[in-house]
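*Asks:* Structure for the following, please:
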Amino acid sequence: MKTNVILALIAFMSVGQLAFGQSVSGNIKTESIRYTVDGQELIGYLAYDASSSAPRPGILVVHEWLGINEYAKKRAVDLAGEGYVAFALDMYGDGKEIPMAEARTMSGKVGSDFPLIRKRFNAALDILKKARYVDPNKIAAIGYCFGGGIVLNMARMGTDIAGVVGFHSSINTGLNAKAGDVKTKVLAIQGDADPSAPEDKQKAFVKEMKEAGADFSYIVFGNLPAHNFTNPKGSTYYEDEANLAWASMLTFFDSIFK
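*Replies:* This is a model prediction of the structure:
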């Protein structure tokens with residue numbers, strides 16, 4: 001593993017022309033894909049640029065705690081516009097978006113069932129690897145909030161993909177990596193005053209990754225008192241930090257897929 005990298009307390013900065021969710025061409029195609037795990041139907045969302053048949057990396061997108069919503073699908077389309085094949089997977093079942101009142105219960109139930117997480121993630125991974133235009137040897141995963149916790153837990157469980165990126169993730173989930181467990185590269189991006197990940201939890205995450213010998217980078221935005229800062233439809237959206245986080249992810253992908 002490479003030496004761990006921690007990029008701590010990055011102050012507010014302008015990102016110039018980095019626009020949230022770059023525009024995509026008319027060649028971007030999307031498909032709803034139904035699949036089943038242990039009798040539960042799941043409905044994912046595939047996005048790709050059909051203007052070229054060249055093989056390209058594939059990216060799994062894991063949704064927030066509300067389920068596979070429009071934001072997860074938009075991010076899949078954004079990734080297709082960046083030259084990837086993206087598959088927004090379904091962790092809850094039936095392709096549903098759930099009400100806020102049910103989100104804590106559902107995300108807690110699914111997020112704490114590690115065998116279930118592995119099965120549903122790996123089922124989506126198999127679909128992505130077999131999707132048109134995908135280079136099955138170049139796969140990564142990203143996740144937001146609940147979804148960030150999912151991809152970090154898959155890293156803890158030794159998923160054999162090139163990298164994972166967690167945006168304002170559930171970074172402490174009760175599953176702790178031990179030395180040698182983490183075989184993929186990890187990028188985690190958090191706000192310094194995230195109410196869902198206070199300083200003690202962030203320090204615990206960094207300590208865990210170090211002791212596991214993980215190849216990881218940890219970006220912390222300073223003066224950011226919000227959890228979900230990337231979704232423009234949320235009440236705590238920070239545009240510049242959201243754009244910089246997206247750009248950091250793209251740089252990470254350039255590195256792991258080169």
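*Asks:* Now do the contacts for the nearest residue to residue 152 once chain neighbours are set aside.
*Replies:* Closest residue to residue 152 apart from its sequence neighbours, by C-beta to C-beta, 6 or more residues apart in numbering: residue 166 at 5.0 Å. For every residue, glycine as well, the C-beta is placed using N, CA and C. Counting by C-beta atoms under 8 Å, 6 or more residues apart in numbering, residue 166 makes contact with 142, 143, 147, 148, 149, 151, 152, 186, 187, 188, 189.
*Asks:* and residue 166, what are its bridge partners?
*Replies:* residue 143, residue 188 (DSSP bridges).
*Asks:* Let me know the distance separating it from residue 220.
*Replies:* 13 Å (C-beta to C-beta, to the nearest Å).
*Asks:* Between those two, which contacts overlap?
*Replies:* residue 189.
*Asks:* buried sites along stretch 76-95?
*Replies:* Judged by neighbour count using 16 or more other C-beta atoms under 10 Å, the buried positions of stretch 76-95 are 76-82, 84-93, 95.
*Asks:* Then stretch 110-126?
*Replies:* The neighbour-count check on stretch 110-126 (16+ other C-beta under 10 Å) flags 110, 111, 116, 117, 118, 120, 121, 123, 124, 125 as buried.
*Asks:* any chance of the residues you listed in TSV, with secondary structure, distance to residue 206 and pLDDT too?
*Replies:* Output for the buried residues of stretch 110-126, formatted as TSV (DSSP: H, G, I helix; E, B strand; the rest coil; distance: C-beta to C-beta, whole Å; pLDDT from 0 to 100):
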residue	secondary structure	distance to residue 206	pLDDT
110	helix	26	96
111	helix	21	95
116	helix	27	98
117	helix	22	98
118	helix	24	98
120	helix	28	98
121	helix	24	98
123	helix	31	98
124	helix	28	98
125	helix	27	98
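*Asks:* May I see those residues arranged in JSON lines, with distance to residue 138 as well?
*Replies:* What follows is those, written out as JSON lines (distance: C-beta to C-beta, whole Å):
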{"residue": "110", "distance to residue 138": "28"}
{"residue": "111", "distance to residue 138": "27"}
{"residue": "116", "distance to residue 138": "27"}
{"residue": "117", "distance to residue 138": "23"}
{"residue": "118", "distance to residue 138": "21"}
{"residue": "120", "distance to residue 138": "22"}
{"residue": "121", "distance to residue 138": "17"}
{"residue": "123", "distance to residue 138": "19"}
{"residue": "124", "distance to residue 138": "16"}
{"residue": "125", "distance to residue 138": "13"}
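*Asks:* Can you classify residue 135 by secondary structure?
*Replies:* Look at residue 135: counting by DSSP: H, G, I helix; E, B strand; the rest coil, its state is strand.
*Asks:* got a list of what it touches?
*Replies:* Applying C-beta under 8 Å, 6+ apart, one finds that residue 135 lies in contact with 55, 56, 57, 58.
*Asks:* Which secondary structure element is home to the last one?
*Replies:* So the one you mean is residue 58. Using DSSP states H and E, residue 58 falls within strand 56-62.
*Asks:* quick one, phi psi at residue 139?
*Replies:* phi -130, psi 140 (degrees, to the nearest 10).
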